[in-house]
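> please work out how this folds:
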Amino acid sequence: MTARAKAVISWSSGKDSAWALHVARATGHLDIVGAITSVTSTYGRVSMHGVREEILDRQAEAIGLPLVKVAIPSPCDNQTYETAFGKAMEKLRDQAVSVVIFGDLFLEDIRAYREAQLGRLGIEGSFPLWRQPTHTLAREMIAGGVDARITCVDPRALDARFAGRRFDEELLRDLPPTVDPCGENGEFHTVVVAGPMLRQPIRVTAGETVERDGFVFADVLPSP
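Coordinates of the predicted model:
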């Protein structure tokens, strides 16, 4: 029997990476041995999603995978990010990791960028959700038990009042037709607190909503 390739999940803390992990585990084609996340060290939060590190740590425990945190500053230029990510991936490659799983859905330029970045290290990208219709995928996640909250909204694309809302059928009905139901164009980002990829749910409460750097962030606080 051919050994399965060792892989890590690019864990954003949100629904798409969480569902990609769930799908990848279900197929069984890869030996998933860890997760990797970019953390903005200035704030101690998951980059772009604004999720607190304490919740990120609870997620890592719940998915049962060791987590590599890639610390980046704020603001962060592309070269700084690529250097930090590259160093982290080199260490993983030395541990025989040869694949990174992503939750990307349809943005060709993002996929091409990831594949080029990994290719320089001799690592492959895996995209288990690629090109799935997002209207269908969003409802599949919800029906599959994903419990996620919107933590970041781009107010240029979606009303700031959506920040903090639960990702559910009601939300999908309320989204304007110009907004992708999975937020793939950056309209919103989420944090997953329960679902089939987590061994136990993560208890949270709603925190303060603030505007920073042109985005609206709804804080999610860990509960005991």
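
> domain-wise, how is this protein divided?
With domains defined by automatic domain parsing, the chain comprises 5-126, 145-222.

> roughly how far is the first one from the heart of the chain?
Domain 5-126 has its average C-alpha position 8 Å from the chain's average C-alpha position, going by C-alpha atoms, centre = their mean, to the nearest Å.

> now the chain, which segments are flagged as low pLDDT?
For the chain, the stretches flagged by pLDDT under 70 are 1.

> which residues of it fall in strands?
For the chain, the strands defined by DSSP state E occupy 5-10, 30-40, 45-46, 67-72, 97-101, 124-126, 147-153, 188-194, 204-212, 215-222.

> contacts made by the first one with the rest, please.
Applying C-beta atoms under 8 Å, 6 or more residues apart in numbering, the contact partners of strand 5-10 are 17, 20-21, 24, 30-37, 63, 65, 68, 92, 95-103, 124, 126. All C-beta spots, glycine's among them, are computed from the backbone N, C-alpha and C.

> which residues does Ala138 contact?
The contact partners of Ala138, by C-beta under 8 Å, 6+ apart, come to Phe167, Leu172, Pro181, Cys182.

> kindly export the longest helix that the chain contains (C-alpha atoms) in CSV.
Among the elements of the chain assigned as helix by DSSP state H, the one spanning the most residues is helix 78-94. The C-alpha coordinates for helix 78-94 follow below in CSV (Å, rounded to 0.1, in the frame of the first residue of the first chain):
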residue,chain,number,x,y,z
ASN,A,78,3.9,40.9,1.0
GLN,A,79,7.7,40.2,1.2
THR,A,80,7.6,40.1,5.0
TYR,A,81,4.6,37.7,4.8
GLU,A,82,6.3,35.4,2.2
THR,A,83,9.5,35.3,4.2
ALA,A,84,7.7,34.3,7.4
PHE,A,85,5.5,31.8,5.7
GLY,A,86,8.4,30.3,3.8
LYS,A,87,10.5,29.7,6.9
ALA,A,88,7.5,28.0,8.6
MET,A,89,6.9,25.8,5.6
GLU,A,90,10.6,24.9,5.3
LYS,A,91,10.4,23.5,8.8
LEU,A,92,7.3,21.5,8.0
ARG,A,93,8.9,20.2,4.8
ASP,A,94,11.8,19.0,6.9
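
> which neighbouring elements make contact with it?
strand 30-40, strand 67-72, helix 108-119 (3 or more C-beta pairs under 8 Å, 6 or more residues apart in numbering; DSSP states H and E).

> tell me who's in contact with Val41.
Not quite, residue 41 is Ser, not Val. Here Ser41 is in contact with Ala71, Ile72, Pro73, Ser74 (C-beta under 8 Å, 6+ apart).

> of these - the most surrounded one?
Comparing those by number of neighbours (other C-beta atoms under 10 Å), Ile72 comes first, having 19 neighbours.

> hang on, isn't it packed against Tyr43?
No. With contact defined as C-beta atoms under 8 Å, Ile72 does not count as touching Tyr43 (10.8 Å).

> what are the bridge partners for Leu30, then?
Leu30 forms beta bridges with Ala5, as assigned by DSSP bridges.
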